[in-house]
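Q: this is a predicted model, with the sequence first.
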Amino acid sequence: MKNKIFAAVALLCLTIAVTPFGLSKQYEVELVVQDGKKSKETDALLMVEDEQFKIVPKKDKFKKDTKEFDYTSLKTADYSYSKKPMLSGGGAVATAVLLGVFVVPFLFMKKKNHWLTVQTEDEFAVMKLGSSNYRAIIAEFETHGVTVNEIKEEDKKEGKK
């Protein structure tokens with residue numbers, strides 16, 4: 001009986017390991033999608049495979065915005081990050097009033113948002129990466145032969161790439 005259970009588990013593990021599902025790595029990202037006249041960030045999975053990658057939105061409403069790219073068809077892959085205050089606007093004022101002087105250090109802290117834009121001849125995708133996975137995602141692309149260009153703040157101001 002124990003041998004049958006062990007054999008079934010081993011067979012299941014082997015099946016998962018050799019199927020395309022078992023070969024892809026998945027990362028949590030946010031995909032920028034069109035929602036009416038506005039752009040919106042929606043939770044998505046970045047599935048990295050040997051020859052291609054897919055970006056699949058988690059919400060059914062945006063499943064039509066699934067993107068699939070071959071690494072060889074990519075013309076550009078640009079990484080950048082933006083800084084914004086952790087607390088800004090009315091939220092900062094309200095928090096400062098409620099919590100007093102203890103919130104002052106948070107008013108000066110900035111949060112980084114990491115962005116990866118990939119583009120082919122006729123299609124593109126903009127992804128917001130997590131602060132814990134952006135290095136791994138960039139490494140995945142470079143491992144598959146894609147040069148990821150880093151756009152720095154100085155480059156943006158001078159209009160260079």
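A: It's in. All figures in this text were calculated on a predicted structure; none of them were measured in a lab. Numbering: from 1, shown residues only.
Q: wait, doesn't Phe53 sit right on Phe69?
A: Yes - assessed by Cβ atoms under 8 Å, Phe53 is found in contact with Phe69 at 5.9 Å. (Glycine included, C-beta is placed from N, CA and C.)
Q: please enumerate the helices of this structure.
A: 2-18, 20-23, 89-99, 104-108, 134-143, 153-158 (DSSP state H).
Q: for the fifth one, buried residues please.
A: Right, the one you point to is helix 134-143. Neighbour-count burial for helix 134-143, counted by 16 or more other Cβ atoms under 10 Å, picks out Tyr134, Ile137, Ile138, Glu140, Phe141.
Q: residue ranges in this structure under the pLDDT threshold?
A: Along the chain, segments meeting pLDDT under 70 span 1-3, 6-23, 84-110, 153-161.
Q: stretch 48-55: which residues count as buried?
A: Neighbour counts over stretch 48-55 (16+ other Cβ under 10 Å) mark Val48, Glu49, Phe53, Lys54, Ile55 as buried.
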